[in-house]
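[1] Would you be able to build a 3D model of this:
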Amino acid sequence: MKDNPGAIKAAQDSRCTSTGPDSPNWDAVFVSLVECAALSLRHYHEVVKAAEIARKGNLEQAADHLEKAQEEIDIVAQLLDCTFVQLCDFVTQSPDGSPSLSGAFCGLFISNNIEKPYMGIAYKGTSTDSEKITDLTWAPIVPYIPGVAWGASMHAGFYQGLFGTFTTEDHGPQIPFNVMLETLSHAYTLHPNAQLHFTGNSLGGAYCIITYGEFLRRQAESAFSNFNFGDMYAFGAPRVCLEPFATEFNRRTQIPGGGKYSFRIVNTLDPVPTIPPVFKNQVAKYPFVHPASAWRITTDGPEKMGDEPPAVDPQDIIALIANAHYHDPREYYASWQKTPHS
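    Purely as a prediction, here's the structure:
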């Protein structure tokens, strides 16, 4: 951030919007990458302490631990001239009936610029063992909640992490997407002119795409119609759904002048966007399809790309693993530096 004040200023001036579906605003791409990468700075041992202390009735001390948990995220937010607000956190919980999985962590970066207000909805990527299992539980299921993803079959782990029911003694049954939406709605009443953008990396990129799809699908409903939302920037996201998700998603985001544009950013040989399925011989049975305009970034510059082919043949799994370092947000930043930014 200290090396790229021009990009941050230009992104702020544009309210993190792009001018059309054919090419992203690379300054907004940088700010979005910073937002979603910052969520990995959360100290989960402090979150666990807060939960333990809260159960003993000391809510004030529990709040102190929660503040410590996100203090580094707050530093990043300050450098972006933003205020950070947690929207939902189900990382240390499991959906009912699936004890090995976990749920989404989502935060909101609220610009302090009242003349050009914007908000960034960001999802955290994979960092815990339960999130890795969530990633790997990819066999598609039909959404239990009618209408989600236009009824398309979805990666089971991602569905459970965002739309599963999480029941605890403290809060009863909760659905992460609904908690996120409720908290966002409250924050938006305080900043009703803000322009929303959506971002996430890795697992967070998957949640970001699904969430953006729901905002597109339900934008005429009263719970969504008050939001002024614009673009999506997802980094290193795996595939999330079968058709008709991609078709419905794209016809709402690929219209010049439409004001809602979606971009998947893929770093050079990052293997994660090539899955699921993992192997070429699984495509017929599991025809996952990416939505959104995709751009590959490399140290030679960015290039527009189509849907990535399935990763490898079974005998080439070692090559897939060897390229895993390209998935690191730091590697994304290195390649972003070669894009046409401010």
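
[2] When you work out contacts or count neighbours from here on, use the C-alpha atoms and nothing else.
    OK.

[3] so residue 90 sits right up against residue 105, yeah?
    Yes. Taking CA atoms under 8 Å as the contact criterion, residue 90 and residue 105 are neighbours in contact, 6.0 Å apart.

[4] of those two, who's got more company?
    The neighbour count for residue 90 versus residue 105, taken as other CA atoms under 10 Å, is higher for residue 105 (24 against 18).

[5] mind showing which ranges of this protein have poor pLDDT?
    Scanning the chain with the threshold set as pLDDT under 70 gives 307-312.

[6] which residues touch the residue nearest to the spatial centre of it?
    Relative to the mean C-alpha position of the chain, the nearest C-alpha, by CA atoms, centre = their mean, is the one of residue 200, at 2.6 Å. By CA atoms under 8 Å, 6 or more residues apart in numbering, the contact list for residue 200 reads 32-33, 36-37, 122-125, 206-208, 233-235.

[7] Ok, residue 76 next?
    The neighbourhood of residue 76, defined by CA under 8 Å, 6+ apart, consists of 35, 38.

[8] Apply 10 Å and report the result again.
    1, 34-35, 37-39, 41, 82-84, 109 (CA atoms under 10 Å, 6 or more residues apart in numbering).

[9] Over to residue 183?
    For residue 183, the contacting residues are 85-88, 107-108, taking CA under 10 Å, 6+ apart as the criterion.

[10] same thing but at 8 Å, please
    Taking CA under 8 Å, 6+ apart as the test, what residue 183 contacts is 87-88.

[11] Report the distance from the helix or strand hosting it to the chain centre.
    Element membership of residue 183, judged by DSSP states H and E, is helix 176-190. The chain centroid and the centroid of helix 176-190 are separated by 16 Å under CA atoms, centre = their mean, to the nearest Å.

[12] Pairing partners for the helix or strand following it, with directions?
    Using DSSP H and E, the helix or strand that follows helix 176-190 towards the C-terminus is strand 195-201. Here the strand partners of strand 195-201, with direction, are listed using DSSP bridges: strand 118-123 (parallel), strand 228-235 (parallel).

[13] buried sites along stretch 271-288?
    Neighbour-count burial for stretch 271-288, with 16 or more other CA atoms under 10 Å as criterion, is recorded at 271-279, 286, 288.

[14] Those residues: which two are farthest apart?
    Checking the buried residues of stretch 271-288 against each other with CA to CA, the farthest-apart pair comes out as 271 and 286, at 17.7 Å.

[15] quick one: contacts for the nearest residue to residue 10 once chain neighbours are set aside?
    Spatial nearest neighbour of residue 10, excluding adjacent residues (CA to CA, 6 or more residues apart in numbering): residue 27 at 6.3 Å. By CA under 8 Å, 6+ apart, the contact set of residue 27 is 7-8, 10-11, 16, 341-342.

[16] same thing with residue 334?
    For residue 334, the contact set (CA under 8 Å, 6+ apart) comprises residue 299.

[17] and if you look at residue 199?
    In this structure, residue 199 makes contact with 32-33, 35-36, 120-123, 205, 208, 232-235, judged by CA under 8 Å, 6+ apart.

[18] re the thing from before, counting neighbours, which of the contacts of residue 76 end up buried?
    By neighbour count, with 16+ other CA under 10 Å, the contacts of residue 76 hold 34-35, 37-39, 41, 82-84, 109 as buried.

[19] Residue 300: which of those is nearest?
    For those, the residue nearest residue 300 by CA to CA is residue 34; the value is 21.5 Å.
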